[in-house]
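Q: Show me the folded form of this:
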Amino acid sequence: MTLLKTRFSLRLLTAFFLLGLLILAQGGVNAHIAAEAERQVMRGRVTGDLQSGFLELSATKQRLRAWSLRALMGAPHDQADGEMLRERMTATIARLQDLSRQSRSFDPLSGPDHDLRDEALGLLADSVVALQPALRDITRQPDIVDARAAWARIETVFDRGTGRDLREVLDRSILAEADVLERHRDDADAALARLRLLSLGMAGMTTLLALLLAAWAACALHRPIREMVRGARAYEEGALDHRIPVRGQDEFARFAASINRMAAELARRRDQEADQRNQLEDQVRLRTAELSSAMARLHRAEANRRRLLNDISHELRTPLTAIRGEAEVSLRGPQDASALAAALDRIAQVARQMGGLIDDLLSVTRDGAQAMETPRRDLDVAGPLEDALLHAMSLAARHDVRLTTDLHDAETRVTGDPKRLRQLMTALLDNAVCYARPGGHVHVASTRADAWWCLTVRDDGIGVPPGDLPHVFGRNFRADNARSHRPDGTGLGLAIARDIAVTHGGDIALDSPPGGGTIATLRLPVVTASLSEAPQ
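A: So this is what the prediction gives:
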């Protein structure tokens, strides 16, 4: 039963196994073809090198003969050329002997050819050795009386070796190598033709078997796959009552039965899902109103968060400007220790202020808009004002602006946060200094009137156009003359200052007289004032 259930898989695996074996066989044949082709190429190359070597040996021998003749006749010649040509013949013979051994390894069956070649190379090697004394005699005795006898002795060494004509041996060797080279080329062509036929045969067999396997698989898979595709389309259209026919007990039959069971289960689950969907729709309708309300609150909270982030980002510029101003003023010339200590103290205060702003930024990211609310206490307003003035003096020195004060607020106490009040006053003084013209004047005055403490900051700068006065406390609003005078502003300083003043129970007013300049007036309730006296 198990074999029946898996017979299709076994047949398919068997077919692919046979195809794999055939592919491996073809790979082995291809490897054999490559090895045989390489052997034929190397065999032909060695034979060609042998023929070239014999030709080179013959040419060198002729050059040595010509040199000997010139030496005997007393013609101009280089005495070292004779020994050099003889050594070249020796090296050529040694290379030919090495090539002969390689040729024997490639073609061990051609024994007579190899023996004749080795015999010829031995005779030639002996003749070259015998040439050395005769050449030495010519070199030592350049003026030979009996030149004919000397030449006859050298010619005997050149052309006779162990009773044989060396010229005939050399010529026969060249012709024999040419004949061997021709035979090797014919053998290589025949071998390559056989290998080509073998490669084509194996490729044809592999292709034919692959086509037969593909046809068999297509025929075997066509009907069950067609029925499964029909069932899948029915299920896709929602007809879960459709059933795929189950034929036999092979893998496709088991798969069809499993799909049918799945369709039945899906139909049952679909009915359950319809009931649950109706219940969920009722619950969704109930929750939609709650989610809409929550989203509205979330959008408002996000708007407040972004507003506060913009405010704090803007305010980070002020302490950095103060630190830079103090440092530049301190570095302009020699300073005594007390002045440097005071500058460093102001830098430390501004750094602490910047640290507080960064803490506010972190608090905003954690807790939302309520993070800006800080505890309040009774304090002397002179403390935050002095800190703001010290910062403004450093900034005024950098902008070449004269700063004067007229303060009448001794022992005036207000309720608030000193850090926020210092931030508020610093913003007003920074605006006055930054929008004043070089060489201008900023005057700061403070008074106490009934239940209010008033701070007035007057400058003779660029002023505010009358049409822009109602909008100066809007976030990101900047007048055209302010943009041209100070391109790096963001339009948040006055908006933040007004928010701080309002949270402390006070207000800010801004005026720009026709003669030029701007007057900013800050009012804060003193401790003895009641809330009912605050203006509405």
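Q: Tell me the buried residues in the helix or strand residue 113 falls within?
A: Secondary structure assigned from DSSP states H and E places residue 113 in helix 111-140. Of all the residues in helix 111-140, those buried under the rule 16 or more other CB atoms under 10 Å are 113-114, 117, 120-121, 123-125, 127-128, 131, 134-135, 138. Any C-beta I mention is one placed from the backbone N, CA and C, and that applies to glycine too.
Q: show me where pLDDT drops low in the stretch 301-450 of the chain?
A: Counting by pLDDT under 70, the stretch 301-450 of the chain contains low-confidence residues at 301, 304-305, 307-318, 333-335, 352-353, 355-375, 409-410.
Q: Just the helices from the stretch 401-536 of the chain, written as ranges.
A: Read by DSSP state H, counting those that start in this stretch, the stretch 401-536 of the chain holds these helices, from start to end of the chain: 418-434, 480-485, 493-503.
Q: who wins for proximity to residue 71 among those helices?
A: helix 480-485 (105.4 Å; CB to CB).
Q: got the contact list for the closest one?
A: With contacts defined as CB atoms under 8 Å, 6 or more residues apart in numbering, helix 480-485 is touched by 435, 462-465, 489.
Q: Of all the helices of the stretch 401-536 of the chain, which one is nearest residue 450?
A: Proximity of those to residue 450 was assessed by CB to CB; the nearest stretch is helix 493-503, lying at 17.9 Å.
Q: For that closest one, buried residues please.
A: Of the residues in helix 493-503, those buried under the neighbour-count criterion (16+ other CB under 10 Å) are 493-501, 503.
Q: pLDDT averaged over it - what is it?
A: Mean pLDDT, taken over the full extent of helix 493-503, equals 85.
Q: quick check: angle from it to helix 418-434?
A: Going by axes from the mean of the first three to the mean of the last three CA atoms, to 10 degrees, helix 493-503 is angled at 150 degrees with respect to helix 418-434.
Q: Which positions in stretch 324-343 come out as buried?
A: So, applying 16+ other CB under 10 Å, buried residues of stretch 324-343: 325-326, 329-330, 343.
Q: nope, stretch 381-400 is what I was after
A: Within stretch 381-400, judged by 16+ other CB under 10 Å, the buried ones are 381-382, 384-385, 387-397, 399.
Q: Quickly find the element holding the closest residue to residue 124 other than its chain neighbours.
A: Counting by CB to CB, 6 or more residues apart in numbering, residue 93 is the residue found nearest to residue 124 once chain neighbours are left out, at 5.6 Å. Assigned by DSSP H and E, residue 93 belongs to helix 79-106.
Q: Check which helices and strands that helix is in contact with.
A: For helix 79-106, the helices and strands in contact under the criterion 3 or more CB pairs under 8 Å, 6 or more residues apart in numbering; DSSP states H and E are helix 7-73, helix 111-140.
Q: what do you get if the cut-off is 10 Å, keeping everything else the same?
A: For helix 79-106, the elements it packs on are helix 7-73, helix 111-140, helix 166-236, judged by 3 or more CB pairs under 10 Å, 6 or more residues apart in numbering; DSSP states H and E.
Q: average pLDDT across that helix?
A: Averaging pLDDT along helix 79-106 yields 83.
Q: what do you get for stretch 201-216?
A: Over the span of stretch 201-216, the pLDDT mean works out to 81.
Q: Could you list the buried residues of it?
A: Buried residues in stretch 201-216, counting neighbours by 16+ other CB under 10 Å, are found at 202, 209.
Q: tell me how far it is from the chain's mean position?
A: The offset between the C-alpha centroid of stretch 201-216 and the centroid of the whole chain comes to 46 Å, using CA atoms, centre = their mean, to the nearest Å.
Q: What number of residues are in the vicinity of the residue nearest to residue 124?
A: The local packing count at residue 93 equals 22, with neighbours defined by other CB atoms under 10 Å.
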